[in-house]
Structures are given as C-alpha cells and as structure tokens.
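**Q** fold the following, please.
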Amino acid sequence: MSENGGSTEPEQSRKLFIGGLSYNTNDETLREHFQEYGEIVDLVVMRDPATRQSRGFGFVTFKYSTSVDDVMNSRPHKIDGREVEPKRAIAREVTTPGALTSTKKLFVGGIKEETPESEIRNYFTTFGDIETIDIIMDKNTQKRRGFCFIEFIDSDAVDKIIVTPKKHQLDGRRLDVRKALPKDSDQRTGGRGGRGGRGGGRYNDRAGGGNYSNSGYGGGG
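**A** Sure, this is the predicted structure:
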C-alpha cells in the first residue's frame, strides 16, 4: 500500500516509529491498536530477514498528521501486555547530530536581533507547552547573539519540530533548529548507533517509504 495514501501532507509528519514491541506483536495487533486514531495507509513490524523474528519495533503511517498528534497525546500505550514507545519517525536525510536523543530542550538559531521573545513564543508554542525561553546575549555588548534555547514540557514537541527542520521561519528568515544536548554527550557528534540498546539506530523500512532513523529500542516479552 502506498504510504502517501492520497494525503497531501509530507510523509515524515504522518509516520511513527513504535519501539519496545513484544516479540509476539504482529502487523494485525499493531493495526488493531492504532487504527482508532485514524486511517492507516501503511504499517509494518520489522523482522529479521533470515529468522523472520520480530526485531522489536515497527512503523505506522497515517493518512493525516493529526493522527500522530493524537497517538502522542494519548501516551502511554500498551500492546500485548507490554508498554510500547511511539516516537515520530525521523527521515535519515534530515537527521542531525543528536536527533535520535530524547530531550525537552531545543536550540534555535538564525533569529533576527529585533525579533521579540513574544513572537518566538507564539510560534513555538504551537508545537507544545513551553517552560522557558533563554535568549543568549553577548556578555560584552549585551546584544543578542542570534540564537536561543527553548525548553518544552514534553520532549515530543521537540521531535515534532525536528521532523521537518527546514520549514521553520520567523520574520522571513529560516531558522536553524536542533536538539540541545549536554556538551559531554557523544550524540553531539552523531552518537554510537545500536540496534538493541538505547543508542541511535538506523533502520530501512519497506518499499517506497525511504530510510528512517530512530532510537534502537529493543523488543521482548
């Protein structure tokens, strides 16, 4: 089935990575759980090509991005007696260092000096509730340095922004948006990939869907 499904929205805004699946979960039980949130145009539990055993994660693509929002707003989710972890699927071509790490803090660059904090808040609050905005100033001149850090209540707000990093603009200028990570985090330089642990992993999903990255949460049960 086509992952476009007649939708005019970008695929990456309609697609979820589902981690932590029980090895007993199959396509049918995954569909049964998520179909209440909207029309599904593609779905797959990823399996080892040799053994056909579940790899503990899958992908669900909806027709509309609002279905993804509804899923994320309805956490936690339990399938086959196991709590699973849905995350917005991040296309490999838009993956930046640290994009696979869960964080509530966002770096925003490219901000004009005259752009008021209220305008920054008004734009980014559409993605989720904001806890703090820290506009960085030059210590010597006390002028803005053109970037800020925004901390959200929920890390999903950051993921929602990162899924389409090139679309964000303020005052006619395209913004540079990235996940804000601690200076000592190895994810700042891309991290160490992994399939079974909590590190960033890259997975190719099936026909026509493109390459997607997400955290390598293992399954079980």
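**Q** can you pull the contacts of residue 34?
**A** Contacts were defined as C-beta atoms under 8 Å, 6 or more residues apart in numbering; by that measure residue 34 touches 16, 40, 43, 60, 71. Placement of C-beta: from N, CA and C, glycine included.
**Q** switch the cut-off to 6 Å
**A** Under the criterion of C-beta atoms under 6 Å, 6 or more residues apart in numbering, the contact list for residue 34 reads residue 60.
**Q** what comes into contact with stretch 125-136?
**A** Applying C-beta under 6 Å, 6+ apart, the external contacts of stretch 125-136 come out as 117, 145, 147-154, 157, 160-161.
**Q** now, those residues that are in helices?
**A** Taking DSSP state H, the ones among these that sit in helices are 117, 157, 160-161.
**Q** turn those into JSON lines, including neighbour count.
**A** As requested, the ones in helices among the contacts of stretch 125-136 are exported to JSON lines (neighbours: other C-beta atoms under 10 Å):
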{"residue": "117", "neighbour count": "12"}
{"residue": "157", "neighbour count": "22"}
{"residue": "160", "neighbour count": "20"}
{"residue": "161", "neighbour count": "24"}
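**Q** need the residues you listed in CSV with pLDDT, can you?
**A** Compiled in CSV, these are given as follows (pLDDT from 0 to 100):
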residue, pLDDT
117, 97
157, 97
160, 95
161, 95
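**Q** which single one of the residues you listed is nearest to residue 33?
**A** The shortest gap between residue 33 and any of the ones in helices among the contacts of stretch 125-136 belongs to residue 160, at 21.3 Å (C-beta to C-beta).
**Q** how far away is the closest one from residue 118?
**A** Here the criterion is C-beta to C-beta, to the nearest Å. By it, residue 160 lies 21 Å from residue 118.
**Q** for residue 107, same thing?
**A** Applying C-beta to C-beta, the value for residue 107 to residue 118 is 20 Å.
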